[in-house]
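**Student:** let me see the structure of the following:
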Amino acid sequence: MAATPGTTEPRGIATRRLDPRRWRVGTRIAVAMVLFAVVPLLVLADAGADRLRTEAERDARARLGGLAAAVATGIDAEVQANLELVEATARTRVVVDFAAEPTPARAVAVQAELDTLKATHASSGIFFVLDPTGVAIASSDRAILGGSYAYRPYFQEAVAGTTNVGDVYLPIGTTSGVPGTAFATPIRAGGTTGPVTGVMVIKSDALTVSRSLTTEPGQRAFVVESTGIVSAHSDAAVRFSSLAPLTDAQQADAAAARRFDGPVATVTATSEVRALVGATGPGIATGTLAGNAVIVAWRPIPSTDWVAAASEPTAVYTAAGDRARRDALLVAAAVAVVVALLAVVVARRIGRPITTLTAAADALQSGTEVDELALARVARRPDDLGILAGRLTEAVREARAREARLEAQVAALRVEVDQSRRAQDVAAVVESEAFTDIAARAARLRQRARADDGDPT
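**Tutor:** Numbering: from 1, shown residues only. The predicted model follows:
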């Protein structure tokens, strides 16, 4: 019984209608066609998207690994060039003589030498000479003359006789204010084994302006010190922060060296990314840096204890898989629409004849009138449904003939019954007392009539 408008069907009826076993054949065929067309497409699309994402991730890893290697090679070449330059400058006669005896005349010659070096090596930064106490006594940047840099670790190591590369620092006071890295070497009197009479320094902006740190859009190249401090990074929120929290001693060393304006902050990074701190070999990992999901590759820089790294958002390679999945879903939706339309046509072509056959079978069973015209249209089909319709047509005709025979037999039986009933009624009348009395009277009347006519009988 259909539900009337505005009413809710009983739950049992609604549940039965949702039961696929109770669906019409046409509906089943339509649903099956859509499922068989769309589901495999979705499965293949999902597998293809995963494969594309995997390939994109593999390509990203290879690309970042190559970028990290290129950055490490480029930075190492710049470091080596600056070390060679500072050592060569420290060995020049004019610098050696000035450090041994800083007279005004020698100061003029050294200043000219440093100015020439600055002009010919613009990317190397500032050239200056420190005396054994750390005071700047000659410089291509006159602003730092007279300043004491005895607190800088690069001076302390160089005055002790070791050529070194200082970690990045923010210049203070009258200096440029541009983050720099110091390349320092001792100045010795009387050759390489003589006493240290001063320190030759190149304050380089290499980690700020280095072309080795130039990347494609979306990529980031950066340098990490052995302590975890990010020396160079295009993101100001990450630059001069540490990937791992510094110990109290490390914070104290940074403060004593006046490297930054205050305590070193810690940038959020997962353990996968922090694995690059102090790494002695190449590596690559996926993690989070400064709240962004990234894939990071790294390579140690041979001439220092730094690590060169390159990062790229994971969305770069996940986007390829997402685009493929989205495109596949759009294709699947289009296919589903086409298949659904086709399924409707096929379902109608198959479902209508079945509905006609079902109605004919129901009518035949209930004894009601069969739509033989509709059945004849189905019987014209050359397939199994046409054969079945023909068989049903024959069954309808046989049922009709059998019904006619039964009606004739019933009519004949009615005639026989009527005759028998009339005979029984006559017999009943004849045998009744009233009929006997009437018959006797009739006989007497006939006798009297004959007597009146002179009949002797």
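
**Student:** average pLDDT for the helix or strand residue 98 falls within, rounded please.
**Tutor:** Per DSSP states H and E, residue 98 falls inside helix 93-100. Helix 93-100 carries an average pLDDT of 95.

**Student:** check stretch 135-150 too.
**Tutor:** pLDDT averaged over stretch 135-150 gives 93.

**Student:** over to stretch 363-380?
**Tutor:** Stretch 363-380 comes out at a mean pLDDT of 71.

**Student:** how many neighbouring residues does the closest residue to residue 306 other than its chain neighbours have?
**Tutor:** Nearest residue to residue 306, sequence neighbours excluded (CB to CB, 6 or more residues apart in numbering): residue 223, at 5.3 Å. For glycine as for every other residue, the C-beta is placed from the backbone atoms N, C-alpha and C. Residues lying near residue 223 (other CB atoms under 10 Å) number 28.

**Student:** for residue 223, which three-state class applies?
**Tutor:** Three-state assignment for residue 223 (DSSP: H, G, I helix; E, B strand; the rest coil): strand.

**Student:** quick one, what contacts it?
**Tutor:** By CB atoms under 8 Å, 6 or more residues apart in numbering, the contact set of residue 223 is 71, 75, 168, 207, 213, 230-233, 301, 306-309.

**Student:** nearest to residue 338 among those residues?
**Tutor:** Using CB to CB, residue 309 is the member of the contacts of residue 223 that lies nearest residue 338, at 50.0 Å.

**Student:** okay, and the closest one sits in which element?
**Tutor:** Applying DSSP H and E, one finds residue 309 within strand 307-313.

**Student:** what packs against that strand?
**Tutor:** Packed against strand 307-313 by the contact rule (3 or more CB pairs under 8 Å, 6 or more residues apart in numbering; DSSP states H and E) you find helix 25-91, strand 220-224, strand 292-300.

**Student:** nearest to residue 450, out of the ones you listed?
**Tutor:** helix 25-91 (91.1 Å).

**Student:** tilt between the closest one and helix 93-100?
**Tutor:** 70 degrees (axes from the mean of the first three to the mean of the last three CA atoms, to 10 degrees).

**Student:** pLDDT-wise, which helix or strand of the chain ranks last?
**Tutor:** helix 11-18 (a mean of 54; mean pLDDT, DSSP states H and E).

**Student:** so the closest residue to residue 369 other than its chain neighbours, which state does it fall into?
**Tutor:** The spatially closest residue to residue 369, leaving aside those adjacent along the chain, is residue 363, at 6.5 Å (CB to CB, 6+ apart). Of the three states, residue 363 takes helix under three-state DSSP.

**Student:** neighbours of residue 363, how many?
**Tutor:** Neighbour count of residue 363, defined by other CB under 10 Å: 17.

**Student:** touching, it and residue 357? I think so.
**Tutor:** No: if you go by CB atoms under 8 Å, residue 363 and residue 357 don't touch, sitting 10.8 Å apart.

**Student:** picking that back up, the strand holding residue 309 - what's its average pLDDT?
**Tutor:** 93.

**Student:** can you check stretch 437-454 too?
**Tutor:** Taken as a whole, stretch 437-454 has a mean pLDDT of 73.

**Student:** could you export it as PDB, CA atoms only?
**Tutor:** Output in PDB follows, covering the C-alpha atoms of stretch 437-454 (Å, rounded to 0.1, in the frame of the first residue of the first chain):
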ATOM      1  CA  ASP A 437     -57.800 -36.800  -5.600                       C
ATOM      2  CA  ILE A 438     -57.900 -34.600  -8.700                       C
ATOM      3  CA  ALA A 439     -57.300 -37.600 -10.900                       C
ATOM      4  CA  ALA A 440     -60.200 -39.500  -9.200                       C
ATOM      5  CA  ARG A 441     -62.600 -36.600  -9.600                       C
ATOM      6  CA  ALA A 442     -61.500 -36.300 -13.200                       C
ATOM      7  CA  ALA A 443     -62.300 -40.000 -13.800                       C
ATOM      8  CA  ARG A 444     -65.700 -39.700 -12.200                       C
ATOM      9  CA  LEU A 445     -66.400 -36.700 -14.300                       C
ATOM     10  CA  ARG A 446     -65.400 -38.600 -17.500                       C
ATOM     11  CA  GLN A 447     -67.700 -41.500 -16.500                       C
ATOM     12  CA  ARG A 448     -70.600 -39.200 -15.800                       C
ATOM     13  CA  ALA A 449     -70.100 -37.500 -19.100                       C
ATOM     14  CA  ARG A 450     -70.100 -40.800 -21.000                       C
ATOM     15  CA  ALA A 451     -73.200 -41.900 -19.100                       C
ATOM     16  CA  ASP A 452     -75.000 -38.800 -20.100                       C
ATOM     17  CA  ASP A 453     -74.000 -39.500 -23.700                       C
ATOM     18  CA  GLY A 454     -75.600 -43.100 -23.500                       C
END
